[in-house]
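Student: Need coordinates for the following:
(2 chains)
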Amino acid sequence: MSNVAIKFEGVGKLYQLGVMGTGTLSHDLNRWWQTRILGKEDPYLKVGQVNDRSTKGTSDYVWALQNITFDINKGDVVGIIGRNGAGKSTLLKLLSRVTTPTVGTIKARGRIASLLEVGTGFHPELTGRENIYMNGSIMGMTRSEITRKLDEIVDFAGVARYLDTPTKRYSSGMTVRLGFAIAAFLEPEILVVDEVLAVGDAEFQKKAIGKMQDVSKGEGRTVLFVSHNMDSMLNLCQKGILLENGTVKYASTIQETVSYYLQGGSRDSKYVAGEKSSSKNLFVKEVSLLGTENQQIGMYKFDEGIHLSIKLGKQSGFTVDSKCVLGVGFYTQNRVKMCTFEYLISEAAEKDGEYTFDLKLPSCIFAPGDYAFDIVLHVPNVQILDAVREICACKIFDNGTDYLKYNGVNNGLVVVKPEWNVG
Amino acid sequence: MEEKWDMVITPSKNLFDIDIKGIWRYRDLYRMYVKRDIVTVYKQTILGPLWFFIQPVFTTIMYIVVFGGLAGISTDGVPQAVFYMSGILFWNYFNACFTASSTVFMTNAAVFGKVYFPRLVVPLSGLTSNLVKFAIQFVLWLGVYLYYVFTGVQMSVNWMIILFPLLIAMTALFAMSWGLIVTSLTTKYRDLNMLVTFGIQLFMYATPIIYPLSAAPEKYRWLLQLNPLSSIFEFFRYSVTGAGVVDWMMLLYSAVCLVISLFFGLVLFSKTERNFMDTI
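Tutor: Numbers count the residues shown, from 1 in each chain, chains lettered A, B, ... in the order given. The predicted structure follows:
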């Protein structure tokens, strides 16, 4: 028995753009004539274009998803990443059977529940209790299942006092919390989650993320997760799938996928010297960010140190000044200098060829955020031999500092543990 | 190795695929929909469920004045209150079921767009919740009926009363199957909606609700009998009052019409439910 929980095989979804009107009827008739009566292939499948929303196309048909093929193993927590309109929601819609693919097959094992938008199907006139039953049964729970979980749901949502009040009297926050609570206590084998964590206050968000973690880690469920919040993605998921214009652009571990996505797929976490700088006497040849297993990454957990590997090149016969240093500037994304590091290289650079300097920054100090490096080879106050700026963009993500609960609110650039004395 | 999957999603090819098992699995949802429909109608009203009675009573009075009084249309010798109210009850039930079914996709687009469940649960629950309203109103009618019987009006219930559940079921299924056809056809093109809203009003006059079939001129009676609802209403009236035109062939004709409508309704609905979110 294979371990695959979800299998996408060449799935595509064609959408018709423009206004539905008299014109579309002739297309429909043509389509029906060609496929049903003449038994030919659907003529509009061919004219479908890649879904790039910013450019004006010539066809009224676009592929919101095209040629999607991947497997998801049982128990995997997979984050689906992509820009707006990349096809993420369409993919989840297909999986949760809201609509069907135009071509291809999706196979799945186990009950699928989707948390596409919480509070779906709440009737404003019904009380909280009635809506729990209503909403739970929409999601496929039986009456007895809901009764069993009622207390937990009410407790988690924190609406005990309002249980017998119509939901139209609820604050919007309460509605959302109740909706999330119902969905969170479903017990499907496969859970599909779309952007639900972007709701509620900070306290509830932490609770929700915690619940999601329990669901995915403790209970061995397969979870598909869509969010624009990379921090929660990195915290919750193990694997990532990057969609771009309706196709799978990249699929790997979540760290690698997120860094690939954040760097736009082009600006690498690696720097390689161009021709011009390679002709310098002493130059920065290659710089890369390495992970714990010396693989290239662009993403570090807060409690992992950044590892920068710098390769220098030297023209043969060139003598390095004895005072020459390798300077590394560590900047935030907004070019605030965090700190500088330098190393006297003359000794190491006595022989010709290449030299590698490995720089490991301490962990648990730099606040989660986006960073980049400058590297300068110089003789202090005398001469700059080579300088490369804003390279090796990387991200430190929060995997559990005390500030995680503030959900990205700026809490300073460094995290230190002070000593508190209370009198 | 043959792999086993719980769910396989493919582009639709089958003409007729209705997820009977799924509907059974979602029976609790069906119950919740029925409950919701009944409970929410008269929330925040003082008279509450009394409104179930007020509407048919006033309509009946109006019909007695207009059709019975001013227009002087015959009621086959049946007391006007009994005659009109039975017609109103049946017609209301038909109309409510039809309206509920014919707007399934439009009114539930928000929910349907988020989660999957067998969509047929919603129109089916509509039939049931309206049946409850019908039953409540039927008690009222029964009161009126008994009043006339006790005051000495000659009306006799005959054995055809056993057809009553069948007649109700036929009314409901006709309403649903026509509603399903309308809702399926209106997800993409809304034209039919325009036709249906006034069409259903006109259709009432083509059905023996406010007049007995016997009041129609012989020459044109066949036209009214083309309407498959006619024989259903006539059979009911006959079974409780002994007055009316009953013809078994006509009932058979209605049954055949029903099977055909139901088939088309379900096929269209199951075809539409898979992709309607893309076009609605």
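Student: how many neighbours does the nearest residue to residue B:153 once chain neighbours are set aside have?
Tutor: Of all residues not flanking residue B:153 in the chain, residue B:79 sits nearest, at 5.8 Å (CB to CB, 6 or more residues apart in numbering or on different chains). The way it works is simple: take the backbone N, C-alpha and C, and place the C-beta from them, glycine included. By the criterion of other CB atoms under 10 Å in any protein chain shown, residue B:79 has 20 neighbours.
Student: Now do the SS call for residue B:36.
Tutor: helix (DSSP: H, G, I helix; E, B strand; the rest coil).
Student: Name the nearest residue to residue A:233, ignoring sequence neighbours.
Tutor: Nearest to residue A:233 is residue A:79, by CB to CB, 6+ apart, at 4.3 Å.
Student: Extract the C-alpha trace of the helix or strand containing the one you found and format it as CSV.
Tutor: Assessed by DSSP states H and E, residue A:79 sits inside strand A:77-81. Only the C-alpha atoms of strand A:77-81 are listed here, as CSV (Å, rounded to 0.1, in the frame of the first residue of the first chain):
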residue,chain,number,x,y,z
VAL,A,77,2.0,19.3,5.9
VAL,A,78,2.3,21.1,2.6
GLY,A,79,2.4,24.9,2.1
ILE,A,80,1.2,26.2,-1.3
ILE,A,81,2.9,29.4,-2.1
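Student: mind listing what's buried in it?
Tutor: A:77, A:78, A:79, A:80, A:81 (16 or more other CB atoms under 10 Å in any protein chain shown).
Student: Over to stretch B:52-66?
Tutor: Here stretch B:52-66 shows B:52, B:56, B:59, B:60, B:63, B:64 as buried, counting by 16+ other CB under 10 Å.
Student: Would you agree the fourth one is in contact with residue B:82?
Tutor: Same thing as residue B:60. No - taking contacts as CB atoms under 8 Å, residue B:60 lies outside contact range of residue B:82: 9.3 Å.
Student: got the residue ranges for the helices in chain B?
Tutor: For chain B, applying DSSP state H gives helices covering B:20-25, B:27-41, B:51-63, B:80-102, B:104-107, B:109-112, B:121-150, B:164-185, B:191-205, B:218-225, B:228-241, B:248-273.
Student: could the ones you listed go into JSON lines alongside distance to chain A and mean pLDDT?
Tutor: Listed next are the helices of chain B as JSON lines, based on distance: least, CB to the nearest CB, whole Å; pLDDT from 0 to 100:
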{"stretch": "helix B:20-25", "distance to chain A": "8", "mean pLDDT": "84"}
{"stretch": "helix B:27-41", "distance to chain A": "4", "mean pLDDT": "87"}
{"stretch": "helix B:51-63", "distance to chain A": "15", "mean pLDDT": "87"}
{"stretch": "helix B:80-102", "distance to chain A": "15", "mean pLDDT": "91"}
{"stretch": "helix B:104-107", "distance to chain A": "12", "mean pLDDT": "87"}
{"stretch": "helix B:109-112", "distance to chain A": "5", "mean pLDDT": "82"}
{"stretch": "helix B:121-150", "distance to chain A": "9", "mean pLDDT": "91"}
{"stretch": "helix B:164-185", "distance to chain A": "12", "mean pLDDT": "93"}
{"stretch": "helix B:191-205", "distance to chain A": "10", "mean pLDDT": "86"}
{"stretch": "helix B:218-225", "distance to chain A": "32", "mean pLDDT": "83"}
{"stretch": "helix B:228-241", "distance to chain A": "29", "mean pLDDT": "88"}
{"stretch": "helix B:248-273", "distance to chain A": "10", "mean pLDDT": "90"}
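Student: closest one to residue A:69 among those?
Tutor: Closest to residue A:69 of the helices of chain B is helix B:248-273 (CB to CB; 26.5 Å).
Student: And that closest one, what does it pack against?
Tutor: Counting contacts by 3 or more CB pairs under 8 Å, 6 or more residues apart in numbering or on different chains; DSSP states H and E, helix B:248-273 packs against helix B:164-185, helix B:228-241.
Student: Would you reformat these as a markdown table and include mean neighbour count?
Tutor: Converted to a markdown table, the helices and strands packed on helix B:248-273 look like this (neighbours: other CB atoms under 10 Å in any protein chain shown):
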| stretch | mean neighbour count |
| --- | --- |
| helix B:164-185 | 21 |
| helix B:228-241 | 24 |
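Student: of all these, which lies closest to residue B:215?
Tutor: Here helix B:228-241 is closest among these (CB to CB), at 11.6 Å.
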